[in-house]
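A.B. asks: what's the 3D shape of this:
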Amino acid sequence: MRLRRGVASAVIAVLTLSTLALLFTSDPRAREARRVRSRLKALATAVSFKESDAPFVRLGYPGRIVDFFGEGTEVDITLGSRSAHQSFTRSELKEGAAGLRATNRGVSVEFTDVAVTPDLEQGRAEAHLTAKIFFLGDHDYFVQEFRVGLVKADGEWRIRRMATVRTME
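C.D. replies: Modelled structure (predicted):
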């Protein structure tokens, strides 16, 4: 019995050490790709809001979104009748986020299939993702592909370009 416990303990210790070694020696490109994916999923959460959000949460909404973007972000987005095609400063993005919040009862955003290609030498990354966007009050939701260009600034990945992927209609 003691021998089995000893062997089991040794196996668990080896597996734990192997897992820790893998985590700390992982490929830097893979690590940065995970960070970009995590950052984009956090953006989807920050963009989403509900009609029932508390007033205090509503006040912080524009500030939460602008932190994901760099200065001079290029946007080329078309979602149904809604579109934006220009370059925005962070303060303009903050105003736009406040406008989105004021003119819609709620928005739910989910990013899936996020594929990231980091360029660590240049401090840039490109992401291709699928977004599922639902505006409260609309009968349907949008499923749209996006290409997102990011740059690493102050230790954080920030969006510098975001565009919808045009498909044949």
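A.B. asks: in PDB, list the C-alpha atoms belonging to stretch 26-37.
C.D. replies: What follows is stretch 26-37, C-alpha atoms only, in PDB (Å, rounded to 0.1, in the frame of the first residue of the first chain):
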ATOM      1  CA  SER A  26       6.400  28.300 -23.600                       C
ATOM      2  CA  ASP A  27       7.000  29.900 -26.900                       C
ATOM      3  CA  PRO A  28       6.900  33.700 -26.600                       C
ATOM      4  CA  ARG A  29       4.800  34.000 -29.700                       C
ATOM      5  CA  ALA A  30       2.200  31.600 -28.300                       C
ATOM      6  CA  ARG A  31       2.200  33.500 -25.000                       C
ATOM      7  CA  GLU A  32       1.600  36.800 -26.700                       C
ATOM      8  CA  ALA A  33      -1.100  35.300 -28.900                       C
ATOM      9  CA  ARG A  34      -2.900  34.100 -25.700                       C
ATOM     10  CA  ARG A  35      -2.500  37.700 -24.300                       C
ATOM     11  CA  VAL A  36      -4.000  39.200 -27.400                       C
ATOM     12  CA  ARG A  37      -6.900  36.700 -27.400                       C
END
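A.B. asks: low-confidence stretches in the chain?
C.D. replies: 1-11, 13-25, 168-169 (pLDDT under 70).
A.B. asks: can you pull out the helices in it?
C.D. replies: 2-24, 28-47, 55-66, 90-103 (DSSP state H).
A.B. asks: show me what the second one is packed up against.
C.D. replies: This means helix 28-47. helix 55-66, strand 107-119, strand 124-135, strand 142-153, strand 156-164 (3 or more Cβ pairs under 8 Å, 6 or more residues apart in numbering; DSSP states H and E). C-beta: built from backbone N, CA, C; applies to glycine.
A.B. asks: ok, how many other residues are close to Asp138?
C.D. replies: Using other Cβ atoms under 10 Å, Asp138 has 13 other residues around it.
A.B. asks: how far away is it from Arg105?
C.D. replies: Here the criterion is Cβ to Cβ, to the nearest Å. By it, Asp138 lies 10 Å from Arg105.
A.B. asks: quick one on the thing from earlier: closest to Lys41 out of the helices and strands packed on helix 28-47?
C.D. replies: Ranking those by proximity to Lys41 (Cβ to Cβ) places strand 107-119 first, at 5.8 Å.
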